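[1] need coordinates for the below:
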Amino acid sequence: MREYLVFRLYAPLASWGEAAVGETRPTATHPGRSAIIGLLGAALGIRRDDDAGQQALNDSVRIAVKQRSPGTLLRDYHTAQVPSTQTKVTYRTRRDELNAPRKAINTILSSRDYRGDGLWTVAVWATEAATISLEALQAALERPRFTLYLGRKACPLAAPLAPRRMPAETLRAALDSDFAPIDPGEQRLLRLSDDVIYYWEGGAAGLDGEASGVESNDVWDQPLNRRRWQFGPRVEYRRFARDANPKEAR
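    You can find the predicted model right below:
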């Protein structure tokens, strides 16, 4: 039996960044390893330029996610005016940029994707090389050092994380932990169904000892260097399933 730290993620808007090139900023349907490590790091007060702290956290935990609802896709269309790069000219403030000669100002178009009203359960467990305990992580999530948000600063939490440590026979049992409803009408408001998706790392049979029905995918969300925004690949496993806690039985 292993000990897990489980908590819940909900916000009206969340953005789980994927590889972004050019004017499009897409979002995944669920938080990946980079997003969870970033959230835990913010709770602990580890700054992005603290390479040793970031590495210690990254080496200390493994993560898994149960997607109760991916939410709905929302696309925000942006226009922004920025001046062209000029030799020997430095823009120190936004006001400096907008005061540049009119002929030097260009309009940049972009779109940013969000997930609206998504709901996820996260499970974290310690590695053999862990130097940061689950107890410390739970305490940090209860009293975070930095403001927590789901992917972007425009996406603050809208429900308690409700972190708790618990022993469980399997990872799936930990992810199936129940939480108090966010709202009495949670099932209807968040369009929850009995169909869920589990995402995890560490082997095809890592969810519950069974490898049947498991899919895998290479994802680039393994943090390598936060200051330079460098990420490496990892294998993410997933399984589509019926919720072990059907809504009708609640």
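[2] so G213: helix, strand or coil?
    Here G213 is coil, with the state taken from DSSP: H, G, I helix; E, B strand; the rest coil.
[3] quick one: it and F240 touch, right?
    Yes - taking CB atoms under 8 Å as the definition, G213 is a contact partner of F240 at 7.4 Å. Heads up, the C-betas are built off the backbone N, CA and C, glycines and all.
[4] and stretch 13-32, how far from the chain's centre?
    Put simply, stretch 13-32 sits 10 Å off its chain's centre (CA atoms, centre = their mean, to the nearest Å).
[5] may I see the buried residues of that stretch?
    13-17, 25-32 (16 or more other CB atoms under 10 Å).
[6] give me the neighbour count for D76.
    When neighbours are defined as other CB atoms under 10 Å, D76 has 13 of them.
[7] could you confirm it falls within a strand?
    Yes - read with three-state DSSP, D76 is one of the residues of a strand.
[8] grab the nearest non-local neighbour of it.
    Once flanking residues are discounted, D76 sits nearest to R112: 4.7 Å by CB to CB, 6 or more residues apart in numbering.
[9] so what's the residue nearest to A126 when sequence neighbours are not counted up against?
    Nearest residue to A126 in three dimensions, chain neighbours excluded: L134, at 5.7 Å (CB to CB, 6+ apart). Neighbour list for L134: 3-5, 124-126, 165 [criterion: CB atoms under 8 Å, 6 or more residues apart in numbering].
[10] go with 6 Å
    For L134, the residues meeting the contact criterion (CB atoms under 6 Å, 6 or more residues apart in numbering) are 5, 126, 165.
[11] tell me what the residue nearest to D76 is bridged to.
    Each beta-bridge partner of R112 is listed here, defined by DSSP bridges: R25, D76.
[12] please identify which helix or strand holds L5.
    With secondary structure defined by DSSP states H and E, L5 is part of strand 2-14.
[13] now that strand: buried residues?
    When neighbours are counted by 16+ other CB under 10 Å, the buried residues of strand 2-14 are found to be 4-14.
[14] return the closest of the residues you listed with respect to I197.
    Looking at those and their distance to I197, the nearest is L9, at 14.4 Å (CB to CB).
[15] isn't that closest one up against W120?
    Yes - at 4.6 Å, L9 and W120 qualify as touching, with contact defined as CB atoms under 6 Å.
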